[in-house]
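sequence isn't available, so here's the structure alone:
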């Protein structure tokens, strides 16, 4: 089965991890066809294990290897394709950033419920199964009303986000 690991907090805020080192960790766990995409902690690989097993195993190994509390989401490539196909806000108009926030433990529902009062003429959110879709004007990703929810302690460590363009690159690299 082909998977992608989406690491949180790689190569931001002073936590520098070389992609060659990251790839080596995955290969040390006997995953095959390992490749990294961009410099932000996207690793495509093959394994016969389940997403739950992989998440646990990788979190422990990455924490040990890079001396930080590793947070990640592991998803099958097929499920990432389905997430992209289900993006509810249409084609990108060039004025917005289109994101998918991958969440743990049903967190997407809590985030959507908390965000019910955001200004939908500026940004939009919609929860789905294990993800929350988000469209925000370019330049407002870190300043928007919804962005403030993502930094709250109850959410901060239990999600990772990628823009649709990055997810499409991941799919392309997995072929």
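Arrived safely, thanks for sending. Note that the coordinates shown come from a computational prediction; the quantities given were computed from them, not determined experimentally.

how far does the worst-scoring helix or strand of the chain on mean pLDDT sit from its chain's centre?
Every helix and strand of the chain was ranked by mean pLDDT, DSSP states H and E. The lowest is helix 153-156, at a mean of 81. Counting by C-alpha atoms, centre = their mean, to the nearest Å, helix 153-156 is centred 15 Å from the centre of its parent chain.

which elements pack onto that helix?
Secondary-structure packing of helix 153-156 (3 or more C-beta pairs under 8 Å, 6 or more residues apart in numbering; DSSP states H and E): helix 107-114. Quick note: C-beta positions are derived from backbone N, CA and C, even for glycine.

if we go to 10 Å?
helix 107-114, helix 145-150 (3 or more C-beta pairs under 10 Å, 6 or more residues apart in numbering; DSSP states H and E).

reformat these as TSV; add distance to residue 168, mean pLDDT and mean neighbour count.
Below are those laid out as TSV (distance: least, C-beta to C-beta, whole Å; pLDDT from 0 to 100; neighbours: other C-beta atoms under 10 Å):
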stretch	distance to residue 168	mean pLDDT	mean neighbour count
helix 107-114	21	91	17
helix 145-150	22	90	18
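
where does the protein dip in pLDDT?
Within the chain, the stretches with pLDDT under 70 are 11, 13-14.

need the helices and strands packed on helix 153-156 in JSON lines (columns: distance to residue 46).
Shown next, in JSON lines, are the helices and strands packed on helix 153-156 (distance: least, C-beta to C-beta, whole Å):
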{"stretch": "helix 107-114", "distance to residue 46": "27"}
{"stretch": "helix 145-150", "distance to residue 46": "31"}
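
these: which one's closest to residue 175?
Proximity to residue 175 (C-beta to C-beta) singles out helix 107-114 among the helices and strands packed on helix 153-156, at 27.7 Å.

which residues touch the closest one?
101-103, 125-134, 146, 148-150, 152, 154-155, 158-159 (C-beta atoms under 10 Å, 6 or more residues apart in numbering).

which among the residues you listed end up buried?
Among these, those classed as buried by 16 or more other C-beta atoms under 10 Å are 101-103, 125-128, 130-134, 146, 149-150, 155, 158-159.

out of these, list just those in helices.
146, 149-150, 155 (DSSP state H).

and which of those residues is nearest to residue 97?
Nearest to residue 97 among those is residue 146, at 11.6 Å by C-beta to C-beta.

my read is that that closest one contacts residue 140, right?
Yes - applying C-beta atoms under 10 Å, one finds residue 146 in contact with residue 140, separated by 9.4 Å.
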